[in-house]
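Enquirer: turn this into a model:
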Amino acid sequence: MKEQKSDEIDLTNLFSMFKEKIKGWIVLLFDLIDFIIKKWIFITTLIILGLVLGYLTQDDYDYNKKATVLVRINFDTVDYVYSEIDLINAKVIEKDSLFFSEMGLIGDSIQVKKIEITPIVRFKEIIERYKENDRKLEGLLRNLEFNDNDVESYETFKSEYYFHTIKLTLSNNANQETLEKIIEYINSNKILEEIKVSSVRHIKFQIENNLISIKQINNVINAYKTNESLTSPSDQIFVVDKNFNMSEMFERKNELQGLNAVLNNFLVYSKDIVVVVNKPKIIEENTKFRSNRIVFFPFLFLFIFFLFSFLKYTYIYLREIANSKKQI
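Expert: This next block holds a predicted model:
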């Protein structure tokens, strides 16, 4: 019975404390309303000043733009491209207007603020680029510690990936031409241009040789089927050996055809050192509240005013407590 009464008393005390808290919040709310009514002229003045300042500075607000570019980097020049992007970022920090004006990337302000590049991690590409049982690949994999964010993995194989993502933070005067000029700058290295020409020539030569080999294999297969001899280009006569492995001939033919398909696909992307794969679009950074100065400044002024008033009220309240303690 006593325990029941004790529980009832505890609940009553808890309910009373809750009521006092509610009353305290209600009193505080009405104090705030009275304060706003008392200061309404000053508050209205702050709002009007914020609206005017926002209207006057709206066109001058330097909001950022962003773009994401998917690129393919050819001819084993990944390290060069990454170093060039590091150079651009360094010039941004230095605010080297001469460097960017030579690139055609300066107007009212430097159009580039930051560039980030990361590889698109595809281990299938790594495996395809190394031969089976390649000791170099085996050594890389042995020393690689895989983790959840793949940072170490893409740093280890960074130069082996073809496709990369470039993320750009640009100023508000940047446009589509800005992206084109950045890619043009990276592709403007004369030595790498010579490497590109030489590589393309070698690929085409390899494709032609493979086609000749495929044609020769077809002739051997046809001769085998018809039980005929083949003549060489020098008109020498040789007889097809009936004991040779026909399946190996077909395997070699398929291998050459597959290799040519890969090489032809590579030629499609071999227009430049860096080839843009997607259609990048420049978009404004999603900061609608901050970019709308007509709304931002009134809220900013009111926030500062109420913050200062709150700190003043807190100081006076604590000062009264301190004075009352001294009197005791």
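
Enquirer: could you pull out the strands for the chain?
Expert: 65-73, 112-119, 163-170, 230-231, 237-238, 274-276, 283-284 (DSSP state E).

Enquirer: what does the pLDDT read for residue 295?
Expert: pLDDT for residue 295: 84.

Enquirer: low-confidence ranges, this protein, go.
Expert: Along the chain, segments meeting pLDDT under 70 span 1-11, 59-62, 107-108, 123-157, 227-244, 286-291, 325-328.

Enquirer: would you map out the domains in it?
Expert: Domain assignment for the chain by automatic domain parsing gives 2-59+290-327, 62-189+273-287, 198-268.

Enquirer: okay, now residue 259: neighbour count?
Expert: Burial measure for residue 259: 13 neighbouring residues, criterion other CB atoms under 10 Å. To be clear about C-beta, it is placed using only N, CA and C from the backbone, and glycine gets the same treatment.

Enquirer: look up the closest residue to residue 65, ignoring the ones flanking it.
Expert: residue 170 (4.4 Å; CB to CB, 6 or more residues apart in numbering).

Enquirer: revised request: answer the last question for residue 47.
Expert: Closest to residue 47 by CB to CB, 6+ apart is residue 298, at 4.7 Å.

Enquirer: my read: the residue nearest to residue 65 touches residue 281, true?
Expert: No - contact criterion CB atoms under 8 Å: residue 170 and residue 281 do not qualify, at 12.0 Å.

Enquirer: which neighbours do these two have in common?
Expert: Here residue 170 and residue 281 share the contacting residues residue 67, scored by CB atoms under 8 Å, 6 or more residues apart in numbering.

Enquirer: those two: who's more crowded?
Expert: Using other CB under 10 Å as the criterion, residue 170 and residue 281 rank with residue 170 on top: 24 against 11.

Enquirer: list the contacts for the more buried one?
Expert: Going by CB under 8 Å, 6+ apart, residue 170 touches 64, 65, 66, 67, 111, 112, 113, 178, 282.

Enquirer: nearest to residue 260 among the residues you listed?
Expert: Proximity of the contacts of residue 170 to residue 260 (CB to CB) peaks at residue 67, which lies at 36.0 Å.

Enquirer: bridging residues for that closest one?
Expert: residue 168 (DSSP bridges).

Enquirer: so what's it up against?
Expert: Residue 67 neighbours (CB under 8 Å, 6+ apart): 167, 168, 170, 179, 280, 281, 282, 283.

Enquirer: got a ChimeraX select line for the buried ones in those residues?
Expert: In ChimeraX syntax, the buried subset of these is picked out as below (16 or more other CB atoms under 10 Å):
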select :168,170,179,280
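
Enquirer: and the contacts of residue 67, which is closest to residue 20?
Expert: Of the contacts of residue 67, the one sitting nearest to residue 20 (CB to CB) turns out to be residue 283, at 53.0 Å.

Enquirer: distance of that closest one from residue 35?
Expert: Distance, residue 283 to residue 35, by CB to CB, to the nearest Å: 43 Å.

Enquirer: how many neighbouring residues does the residue nearest to residue 47 have?
Expert: That count, for residue 298 with other CB under 10 Å as the rule, works out to 20.

Enquirer: next: residue 71.
Expert: Neighbour number of residue 71 under other CB under 10 Å is 24.

Enquirer: sorry, back to before: who are the contact partners of the residue nearest to residue 47?
Expert: Per CB under 8 Å, 6+ apart, neighbours of residue 298: 46, 47, 50, 51, 54.

Enquirer: weed out the non-buried ones from those.
Expert: 46, 50, 51, 54.

Enquirer: the last one contacts residue 296, correct?
Expert: Read it as residue 54. Yes - between residue 54 and residue 296 there is a contact under CB under 8 Å: 6.3 Å.

Enquirer: sorry, back to before: farthest-apart pair in the contacts of residue 67, please.
Expert: Greatest spatial distance among the contacts of residue 67 (CB to CB): 167 and 281, at 13.1 Å.

Enquirer: which parts of the stretch 51-200 of the chain are helices?
Expert: Assigned by DSSP state H, counting those that start in this stretch, the helices in the stretch 51-200 of the chain fall at 78-94, 97-103, 123-129, 135-143, 151-156, 176-186, 190-226.

Enquirer: most tightly surrounded among those?
Expert: The highest mean neighbour count among the helices of the stretch 51-200 of the chain, using mean count of other CB atoms under 10 Å, belongs to helix 176-186: a mean of 17.

Enquirer: show me the contact partners of it.
Expert: With CB under 8 Å, 6+ apart, helix 176-186 has contacts from 67, 69, 71, 81, 84-85, 88, 103-105, 111-112, 115, 168, 170, 272-274, 276, 280, 282.

Enquirer: equivalent analysis for stretch 105-113, please.
Expert: Contacts for stretch 105-113 (CB under 8 Å, 6+ apart): 62, 64, 88, 92, 95, 97, 100, 168-171, 173-174, 178, 181-182.

Enquirer: repeat that with 10 Å
Expert: Residues outside stretch 105-113 that contact it (CB atoms under 10 Å, 6 or more residues apart in numbering) are 62, 64-66, 88-89, 91-92, 95-101, 103-104, 168-175, 177-179, 181-182, 185.
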